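Student: Starting from these lines, generate the structure:
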Amino acid sequence: MEFIKEEIEEITDPEPSGIKHEDTEEQIDQMETMEQRHKLNEVDEKHCNLKTQRKKAKKLHVCSQCGKDFCSSSNLKQHLIVHSDERPYVCSLCGKSFTRLDHCKQHQKTHTEVRDHVCCDCGKSFTRAEYLKQHQRIHTGEKPFNCDHCGKGFYVSSNLKEHLKKHTNERHYVCSFCGKSFTWLNSLKQHQKIHTGERDHVCCDCGKSFIRASSLRLHQRIHTGEKPCKCSYCDKSFNHSWSLRVHERVHTGERPYKCSYCDKSFAQSAHLKEHNKRLHTGEKRCTQCGEIFLSSSFLLIHIQKYHDTL
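Tutor: As a prediction, the model looks like this:
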């Protein structure tokens, strides 16, 4: 009987059944892990498909004027205003108009906001600290945004972006009068004023009119006597930056305008043109008596014969 009892206990030993139970739990865990991975893969796949659909959606709304694409038709519609003369958003305080509502709102802040960001070099004030930071680069000469093609530096990134269009030769804006094309819309609008005769920037002091507002501002310095462009070598100052550049060549000795006919060079382009006209092209006038010759060789013979000097 004891032998039979021991045999029954061996048969009913719980250990083997415990091993089978543990094996079953491990298999269930593995199945759950695989199921979770499968679900994650499905989520990733859906996410990738969504990204692809979004990219495709962007390409569905393409500007017919410049090829730029947008993710929605409303954004494209807003962009198309740039290619037209439409400026539907008008400042209620000064009447200035804008193509975009956010630009108009930003402009209106200049009428209402306190301009408490003041430049310590020139006293000009700004509504935002970042505008002051950009402005101060004019005084420091810092140009952190550089062109990869030519190395030219810029104070702000937007100017670099516009400059890069020169290298890609993008000219989407075409003049309806003469067919000349331009990189920027503003350049086209300024050019078309040559055809229409529009000169809407008028000097209130003398009545002289200009195509560009910047030209009017420069002109007004004649009346105000303002000379903000100071020479770094002497005490002289000038109305225009180009006048300063020409003047500083007196100090540096720079003569960038080289004659293509001889070895002479000049500090000013006007002097080079006069030199070419007098000696190499066009009329040849004797500086001694004013007589005109068709070629420089005839003039030389004349000088040697009648003035006995070179």
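
Student: Please report the distance of T287 from I303.
Tutor: T287 is 9 Å from I303, where distance means C-beta to C-beta, to the nearest Å. For glycine as for every other residue, the C-beta is placed from the backbone atoms N, C-alpha and C.

Student: quick one: the helices in the stretch 1-150 of the chain?
Tutor: 2-11, 14-59, 73-80, 101-112, 129-140 (DSSP state H, counting those that start in this stretch).

Student: do the stretch 151-300 of the chain as well
Tutor: With DSSP H, counting those that start in this stretch as the criterion, the stretch 151-300 of the chain has helices spanning 157-168, 185-196, 213-224, 241-252, 269-275, 296-302.

Student: Please state the backbone phi and psi of the nearest residue to H139 once chain neighbours are set aside?
Tutor: Nearest non-adjacent residue to H139, counting by C-beta to C-beta, 6 or more residues apart in numbering: D121, 4.5 Å away. Here is the backbone geometry of D121 (degrees, to the nearest 10): phi -90, psi -40.

Student: Quick check: the gap between D121 and T140.
Tutor: Distance, D121 to T140, using C-beta to C-beta: 9 Å.

Student: buried residues in stretch 105-125?
Tutor: Of all the residues in stretch 105-125, those buried under the rule 16 or more other C-beta atoms under 10 Å are H107, Q108, H117.

Student: Quick one: residues contacting the last one.
Tutor: With contact set as C-beta atoms under 8 Å, 6 or more residues apart in numbering, H117 has these partners: S125, F126, T127, R128, A129, Y131, L132.

Student: What is the nearest of those residues to G253?
Tutor: L132 (37.3 Å; C-beta to C-beta).

Student: Could you measure from the closest one over to G153?
Tutor: 20 Å.

Student: now do T281
Tutor: In terms of C-beta to C-beta, T281 sits 37 Å off from G153.

Student: Which one's more surrounded, these two?
Tutor: Set T281 next to G153 and count neighbours by other C-beta atoms under 10 Å: G153 wins out with 15 against 12.

Student: Spatially nearest residue to that one (excluding sequence neighbours)?
Tutor: Here the residue nearest G153, using C-beta to C-beta, 6+ apart, is K143, at 3.0 Å.

Student: I'd say the one you found and G151 touch.
Tutor: No - in this structure K143 lies outside contact range of G151 using C-beta atoms under 8 Å: 10.4 Å.

Student: more neighbours, these two?
Tutor: K143 (15 against 7).

Student: Which residues are in contact with the nearest residue to L216 once chain neighbours are set aside?
Tutor: Spatial nearest neighbour of L216, chain neighbours left out: H201 (4.1 Å); criterion: C-beta to C-beta, 6+ apart. The contact partners of H201, by C-beta under 8 Å, 6+ apart, come to S209, F210, I211, R212, A213, S215, L216.

Student: From the structure, what's the count of residues near the last one?
Tutor: A total of 18 residues lie near L216 under the criterion other C-beta under 10 Å.

Student: Could you check which of T287 and I303 is surrounded by more residues?
Tutor: I303 (18 against 9).

Student: and that one, which of the three is it?
Tutor: Three-state call for I303 (DSSP: H, G, I helix; E, B strand; the rest coil): helix.

Student: Surely it is in contact with Q288?
Tutor: Yes - if you go by C-beta under 8 Å, I303 and Q288 touch, sitting 7.0 Å apart.

Student: shaky segments in the stretch 101-250 of the chain?
Tutor: Under the criterion pLDDT under 70, no range of the stretch 101-250 of the chain is flagged.

Student: Grab the nearest non-local neighbour of K193.
Tutor: With C-beta to C-beta, 6+ apart, the residue lying closest to K193 is I211, at 4.7 Å.

Student: Reformat the buried residues of stretch 105-125 as a markdown table; add distance to G95.
Tutor: Below are those laid out as a markdown table (distance: C-beta to C-beta, whole Å):
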| residue | distance to G95 |
| --- | --- |
| H107 | 11 |
| Q108 | 12 |
| H117 | 26 |
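
Student: which among those residues gets closest to L80?
Tutor: Scanning these for proximity to L80, where the rule is C-beta to C-beta, the winner is H107, at 21.2 Å.

Student: Please report how far S209 lies from G225.
Tutor: Distance from S209 to G225, by C-beta to C-beta: 21 Å.

Student: This completes my enquiry, with thanks.
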